[in-house]
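# Here is the input, now give the coordinates:
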Amino acid sequence: MSSIRKSKPKPASRALQQSAPRRRAAGGQAKNQTGSKNQTGPKLQLRNATPQDIPGIHALTAKVYAALGSDGAYTAAQLRGHQHHFPQGQFVAVYEDTIVGYCATFRIAEKLALKPHDWEGITGRGYAARHDAQGDWLYGLEVCVDPDYRGLRLGQRLYNARKQLCEHLHLKGIVFGGRMPGLSRRWMQLRSAEKYLELVRAGTLRDPVVNFQLRNAFEPLGVLRGYLGTDHESRGYATHMVWRNPAYGDAADLQLAAPLPRARTARVAAVQYQQRAVNSFEDFARQVEYFVDVVADYKADFVLFPELFTLQLLSIENRNAPAAEAVAALTRYTDRIKTLLGELAVSYNINIVGGSHPTRDPVDGHVYNISYICLRDGAVHEQRKIHPTPNERYWWNITGGSSSNVIETDFGPIGVMICYDAEFPELARHLVDQGAQILFVPFCTDERQSYQRVRYCAQARAIENQCYVVMAGNVGNLPSVENMDIQYAQSCVLTPCDFAFARDGIAADTTPNVEMVAIADVQLDSLAAARQHGTVQNLKDRRFDLYSVTWKDITPAPLADAAD
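Take a look at the predicted model:
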C-alpha cells in the first residue's frame with residue numbers, strides 16, 4: 001500500500017490504501033494494544049514491528065479496510081511472514097500505546113521490481129514471500145494509518161523510515177505500486193490511466209495519492225495494469241513509483257551496508273520410538289526422559305518424537321477396549337504429558353516436538369490429535385493435525401484442526417505437520433510463506449506402503465519449499481490397542497536436493513523398524529543461499545500470476561482491543 005488520503009477514507013483496496021491521520025478528539029483515551037501505558041515516555045513512537053504487535057496491526061488493517069469485510073485485514077499468518085522474511089523492513093507507529101500506523105517492506109531484485117507486475121504476484125499473496133535477502137531494491141508492500149489520527153503526519157514518517165532503511169542498507173531505491181483514487185471519477189472523460197497520470201504530473205489535475213508521492217521525490221515509471229482488482233477507485237491500475245537512493249554508489253557509505261547474516265547450524269534429532277507395554281505413567285516418563293537425555297548429551301537443539309507415541313500408556317491397564325473408548329481414556333493424560341515434556345525441555349535445554357497426543361477440547365468436546373511443542377525457554381505451543389486419516393476418524397473419532405501456524409524458536413520459526421498432513425503440499429507452503437525453514441513431521445504408519453506415502457511426500461516438501469524436513473515414527477507393537485497392532489518406520493532428516501546438501505537429500509536416517517535415533521546438523525544459511533542462487537530456485541520461480549494457495553483463517557486467535 002502506498003497512498004495518502006486527505007479526506008476520510010472509503011477503503012477500496014487491500015494493498016494500496018493508505019489514509020492520512022487525524023488527531024484524536026480532546027479527552028479521548030487510547031486502548032492498550034502494546035503493553036502497559038508509559039506515563040513518562042513519548043506519546044508517538046516509530047519503531048520496528050515485533051510479534052507482540054501482530055494483534056494490534058491486524059486490528060488496524062481490519063479498521064482501515066473495513067469496506068472489504070473479512071478479506072480486508074492482513075491475517076496473523078501474513079503478518080508473521082512479513083516479520084520472519086525481513087524484520088528490518090516492518091515498522092509501526094504507536095501513539096499512546098495504540099498502533100496507529102503500519103509499514104511493510106521487503107527486498108527484491110531489480111529485474112523483478114522494475115518490470116510489469118501485480119500486487120499478489122510481487123508480494124507472494126501478501127506474505128512478503130518474494131523477499132530476496134540480496135535484492136537491491138526495497139519494495140513497498142503496505143502503508144496504512146488509522147483514519148482517526150489525522151494531523152500526526154504518520155504517512156510521511158513511515159515513508160521517511162523506508163528511505164532511511166534503504167540508505168542504511170545501501171540499496172538502489174524504493175519501488176511500489178501506488179493508487180490513483182481520482183481515476184474512476186475522470187474515466188469517462190479520459191479513458192486512459194496513462195493520460196490521467198500525465199495530467200497529474202503536469203499539474204492540470206490533482207490526485208491526493210499521486211501528488212503526495214511526487215512531493216516525496218518519487219517518480220512514476222509508468223502504469224501497472226491489473227495491479228489490484230479490488231481497488232475500484234483506481235480501476236485496478238497503479239502507478240509504478242520509484243525513489244532512487246541519492247547516496248547509492250558512494251563508496252563513503254558502503255560501511256552502512258547491513259552485514260551478512262551469521263552462519264547458523266541447528267542440530268536436530270529424530271527418535272524412532274519403540275512401542276512396548278509399560279506398567280505406569282512413571283515407566284513411560286523414564287523412557288521419554290532417556291531419549292531426551294541422550295540427544296541432549298549430543299548438544300541437539302531439537303528432538304522430535306513420533307505421532308501418537310503416547311498410545312503406549314493404554315498398555316497400563318492391559319485390557320482390550322473399543323478404540324474410541326481407549327483414545328478417550330488417553331485424553332486424561334494430557335496435562336501430565338504437557339508437564340513432562342515442558343519440564344524436560346527446560347531441564348535438558350532442548351526444544352521438544354512432542355510427537356502427538358489425543359486431546360479432548362474443553363470447549364467443543366471433540367478429540368484432536370495434537371502435537372505439543374515445548375521450548376527450552378519454557379514456552380509451550382500446540383499444533384493440531386489438520387487431516388485425520390480415514391482410520392483415525394472411524395476408529396478414534398479424531399476431529400481435524402483448522403489452523404497451521406509457525407512456532408517461534410531460538411533458531412527462527414518452525415512448522416509441524418502431523419503425518420498425513422505432510423501429504424498435502426498446501427500446508428507446507430503456508431508454513432514456509434510464514435518463514436519456516438525446518439518442518440517437523442511426527443508420523444505413525446503400520447506398514448511400508450503407508451510409510452512410503454509419508455516419506456515421499458515429505459521429501460517433495462523439502463524440495464519444493466527448499467527447507468529441511470525431520471521425520472520420526474514408531475516401531476514395535478501394542479497387541480491390546482486397536483489400530484496400533486504393528487508399526488513400520490524409518491525416521492530421517494531430509495534436505496533439498498542440490499549441491500549444498502547431502503547427495504540423496506538425506507542428512508541422516510535410521511535402520512527400518514529398529515529403535516534408535518537419527519541426528520544431523522542442518523545449515524540454515526545453506527537454505528538461504530540455495531533459495532537465492534541454487535541450481536533451481538523453487539520459491540523464487542513460483543508463478544503467482546497463474547496459481548496461489550489461499551488460507552482461510554476460520555478460527556483467528558483472540559485479538560487485543562482495537563482503538564475506538
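# ranges for the strands of the stretch 51-200 of the chain?
In the stretch 51-200 of the chain, strands defined by DSSP state E, counting those that start in this stretch lie at 90-95, 98-108, 137-145, 173-178, listed in chain order.
# Name the residue closest to the centre of the chain, please.
residue 434 (1.7 Å; Cα atoms, centre = their mean).
# Can you pull the phi/psi pair for that residue?
Main-chain dihedrals, residue 434, degrees, to the nearest 10: phi -80, psi -10.
# My guess is it contacts residue 127. True?
Yes. Judged on Cβ atoms under 8 Å, residue 434 makes contact with residue 127 at a distance of 6.9 Å. (C-beta placed from N, C-alpha, C; glycine too.)
# shared neighbours, these two?
77, 81 (Cβ atoms under 8 Å, 6 or more residues apart in numbering).
# Rebuild the strands of the stretch 51-200 of the chain as TSV, extending it with mean neighbour count and mean pLDDT.
Output for the strands of the stretch 51-200 of the chain, formatted as TSV (neighbours: other Cβ atoms under 10 Å; pLDDT from 0 to 100):
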stretch	mean neighbour count	mean pLDDT
strand 90-95	23	95
strand 98-108	27	96
strand 137-145	28	95
strand 173-178	26	96
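# closest to residue 408 out of these?
Closest of the strands of the stretch 51-200 of the chain to residue 408 is strand 90-95, at 15.0 Å (criterion: Cβ to Cβ).
# and the closest one, what does it pack onto?
For strand 90-95, the packing partners by 3 or more Cβ pairs under 8 Å, 6 or more residues apart in numbering; DSSP states H and E come out as strand 44-48, strand 98-108, helix 154-168.
# between those, which gets nearest to residue 329?
Of all those, it is strand 98-108 that lies closest to residue 329, at 46.1 Å by Cβ to Cβ.
# circling back: quick one, which of the strands of the stretch 51-200 of the chain is nearest to residue 57?
strand 98-108 (5.1 Å).
# So the residue nearest to residue 288 when sequence neighbours are not counted: helix, strand or coil?
Nearest residue to residue 288, sequence neighbours excluded (Cβ to Cβ, 6 or more residues apart in numbering): residue 340, at 6.6 Å. Of the three states, residue 340 takes helix under DSSP: H, G, I helix; E, B strand; the rest coil.
# Tell me how many other residues crowd residue 340.
23 (other Cβ atoms under 10 Å).
# wait, it sits on residue 282?
No. Taking contacts as Cβ under 8 Å, residue 340 lies outside contact range of residue 282: 10.0 Å.
# what's the least confident helix or strand in the protein, going by average pLDDT?
helix 323-330 (a mean of 80; mean pLDDT, DSSP states H and E).
# Output it in CSV with nothing but the alpha carbons.
What follows is helix 323-330, C-alpha atoms only, in CSV (Å, rounded to 0.1, in the frame of the first residue of the first chain):
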residue,chain,number,x,y,z
ALA,A,323,-10.8,-48.0,20.0
ALA,A,324,-12.8,-44.8,20.6
GLU,A,325,-13.2,-45.6,24.3
ALA,A,326,-9.5,-46.3,24.6
VAL,A,327,-8.5,-43.0,23.0
ALA,A,328,-11.0,-41.1,25.1
ALA,A,329,-9.4,-42.6,28.2
LEU,A,330,-6.0,-41.5,26.9
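# Can you list the buried residues in that helix?
323, 326, 327, 328, 330 (16 or more other Cβ atoms under 10 Å).
# If you count contacts, what does it end up packed against?
Using 3+ Cβ pairs under 8 Å, 6+ apart, helix 323-330 is in contact with strand 357-360, helix 390-396.
# Where among these is average confidence lowest?
Note on the helices and strands packed on helix 323-330: lowest mean pLDDT is at helix 390-396, with a mean of 89.
# Would you pull up how far stretch 388-403 lies from the middle of the chain?
Stretch 388-403 sits 25 Å away from the centroid of its parent chain (Cα atoms, centre = their mean, to the nearest Å).
# got the contact list for it?
Residues from elsewhere that reach stretch 388-403 (Cβ under 8 Å, 6+ apart): 323-324, 327-328, 358, 366-370, 383-387, 419-420, 482-483, 553-555.
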